[in-house]
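Engineer: Let me see the structure of the following:
(4 chains)
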2 protein chains.
Amino acid sequence: MDRPSEPAATAGSESCLETKLAHYADLNPEDRALLRALEEKPEDWSRKSVVVQAGDRLDALYVVRKGWLYSSQLVGDGRRQVFQLFYPGDIVGAREIGLKHALSTTVCATDCVLCPFEKQALCELFNSSSRLSALLYAVGMVDEMVIIERMKAISRMKARERVAHVFMEILTRLRITSSSREAVFELPLNQETLGDLVGLTQVHTNRTLRQLERDGLITRKGSLIELNEKGLREASSFNDAYFAIDTSWIPA
Amino acid sequence: MDRPSEPAATAGSESCLETKLAHYADLNPEDRALLRALEEKPEDWSRKSVVVQAGDRLDALYVVRKGWLYSSQLVGDGRRQVFQLFYPGDIVGAREIGLKHALSTTVCATDCVLCPFEKQALCELFNSSSRLSALLYAVGMVDEMVIIERMKAISRMKARERVAHVFMEILTRLRITSSSREAVFELPLNQETLGDLVGLTQVHTNRTLRQLERDGLITRKGSLIELNEKGLREASSFNDAYFAIDTSWIPA
DNA sequence: CGTCCATTTGATTAAGCTCAATGGACGTGG
DNA sequence: CCACGTCCATTGAGCTTAATCAAATGGACG
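Structural biologist: A predicted model of the protein is given here:
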């Protein structure tokens, strides 16, 4: 369960990291090759697999090619905080690159395809391309801003706004790599995990979801969530300015 | 009030950014020179000056040479979240390097000496030194982990633990650049701002501070705070593992 | 001495937590 | 196929924490 089960069935598809970074800035062929090099060994991981366990030695990082993951840490007696969701093109472990041992646990929310690479390979990348270095830096800062936005919501908003906010966050984030403009997605998180993401108990998360549904802000069919985008944006005063990177300062 | 008042009186002192990064990894003379170049124009700013206002065009970044600053954003009707404190050696604006306009407001908590530099200068640095690029990246990730720690506290801890936690955070952070092992510092934040940092109202922050004082976990003399380090560490289950960077992967 | 600002205290209320029970969906072994 | 266990969603009742509202106190400083 906890290790990749078999050689990937999906080798040969395009590099997700490349796609994501190209979304922010033009990349020359050498830079593209560097990024693709990070995705040479795709592996299949199944839902609920623990990719990195808090306390593990941090040897490899992973480019997400397919699927969702989430990182969490335990707080006191049984409480938990989920603080980041990973989508295709994200790098699992990047935040903790500077640590010997992981602080957080990262789990597959769906079946995933992950491409492991050594810390050393990132070093290679810093050595070879200042453009990619700066771009990675900028993308890391965007991830941080996403977390700050959620912190604001947890700290200063009521349950209804918090849940509305996180749905808008997810939608916006998915649209970076997806072409679809639909406001629908499969949410591979149960209500406990969703609660841990927005700082609510499972019970209160449930009540809040039902309230959002009654108010016509979301529709649920199993794990499929359809958003009333306009309504949710208002309800959560969601602002997506931080997803648009200005790359004009980045080395050519 | 909002602009630096006079040519700096402190020109000539050592580079704080250099000191901070050298704390994490050995630096060669060229790298040191690059860092010092960012601190060529020290400016004096007075307490309560607004260094960057949300919405401003983001032209310059600032190395903090002296003083404390904090960044905040407004949330809904009058609520506010303070999400980062800046100390000597930190770079104001780094997180928003990829944005055209600032999302957050940064204010001097004390009189400060700041060294402005152009975004372009950071580009120069990415171009010139892969070692510094990687180190800046790693340090950025540490800042992010500090924010995640505080998010955990806000989301999953009670008022008492939250305030204890933030005091330990401040102490640990100060010790990166300070040589003193004392558990005392001047806290240049009023109770409203401290509350905005940990997600409490000013009134409840006050009650919590008094409770910590009654319990012998802190002592206050004006804005001077003395910590019962052991007690606070236990009360907040504070862990400082993320302040120790592993630099072995960083390019030479 | 009055003004400004921050701190302190009290009384009340509301949001969200805890505990507890129920029910549906689904997979497994007999 | 049925009985059972597991996981997850749902709902109710009572309780706790922190917010809110309101006011008093206490410097610091011109």
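Engineer: alpha carbons only for contacts and neighbour counts from here, please
Structural biologist: Fine.
Engineer: per-residue pLDDT, A:Ala11?
Structural biologist: Model confidence at A:Ala11, given as pLDDT, is 43.
Engineer: what's the answer for the one 4 residues further on, then?
Structural biologist: pLDDT, the model's per-residue confidence, is 91 for A:Ser15.
Engineer: Could you pull up phi and psi at the nearest residue in space to it that is not next to it in sequence?
Structural biologist: Spatially, and ignoring its direct neighbours in sequence, A:Ser15 is nearest to A:Arg36 (5.8 Å; Cα to Cα, 6 or more residues apart in numbering or on different chains). The phi/psi pair for A:Arg36 (degrees, to the nearest 10) reads phi -60, psi -30.
Engineer: In contact with A:Arg36: list those residues for me.
Structural biologist: Taking Cα atoms under 8 Å, 6 or more residues apart in numbering or on different chains, we find A:Arg36 in contact with A:Ser15, A:Leu17, A:Glu18.
Engineer: element containing the last one?
Structural biologist: Of the helices and strands defined by DSSP states H and E, A:Glu18 is found in helix A:16-24.
Engineer: just the CA coordinates of that helix, formatted as PDB?
Structural biologist: Output of helix A:16-24 as PDB, limited to C-alpha atoms (Å, rounded to 0.1, in the frame of the first residue of the first chain):
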ATOM      1  CA  CYS A  16       3.300  18.300 -16.000                       C
ATOM      2  CA  LEU A  17       5.900  20.400 -14.400                       C
ATOM      3  CA  GLU A  18       7.000  21.700 -17.800                       C
ATOM      4  CA  THR A  19       3.400  22.500 -18.600                       C
ATOM      5  CA  LYS A  20       2.900  24.300 -15.400                       C
ATOM      6  CA  LEU A  21       6.000  26.500 -15.600                       C
ATOM      7  CA  ALA A  22       5.400  27.100 -19.300                       C
ATOM      8  CA  HIS A  23       2.100  28.500 -18.200                       C
ATOM      9  CA  TYR A  24       4.000  31.300 -16.400                       C
END
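Engineer: For that helix, buried residues please.
Structural biologist: Neighbour-count burial for helix A:16-24, with 16 or more other Cα atoms under 10 Å in any protein chain shown as criterion, is recorded at A:Cys16, A:Leu17, A:Glu18, A:Thr19, A:Lys20, A:Leu21, A:Tyr24.
Engineer: does any part of it sit near chain B?
Structural biologist: No: with Cα under 8 Å from any Cα of the partner chain as the measure, helix A:16-24 is seen stopping short of chain B, the closest distance being 10.2 Å.
Engineer: Could you list every helix and strand that that helix packs against?
Structural biologist: Helices and strands in packing contact with helix A:16-24 are listed as helix A:29-37, strand A:60-66, helix A:159-177; criterion 3 or more Cα pairs under 8 Å, 6 or more residues apart in numbering or on different chains; DSSP states H and E.
Engineer: what mean pLDDT does the helix or strand just after the last one have?
Structural biologist: Later in the chain than helix A:159-177, the nearest helix or strand by DSSP H and E is strand A:184-186. If you average the pLDDT over strand A:184-186, you get 97.
Engineer: Next one: strand A:184-186, is it in contact with DNA strand D?
Structural biologist: No: residues of strand A:184-186 are not located near DNA strand D by Cα under 7 Å from any atom of the strand, the shortest gap being 11.6 Å.
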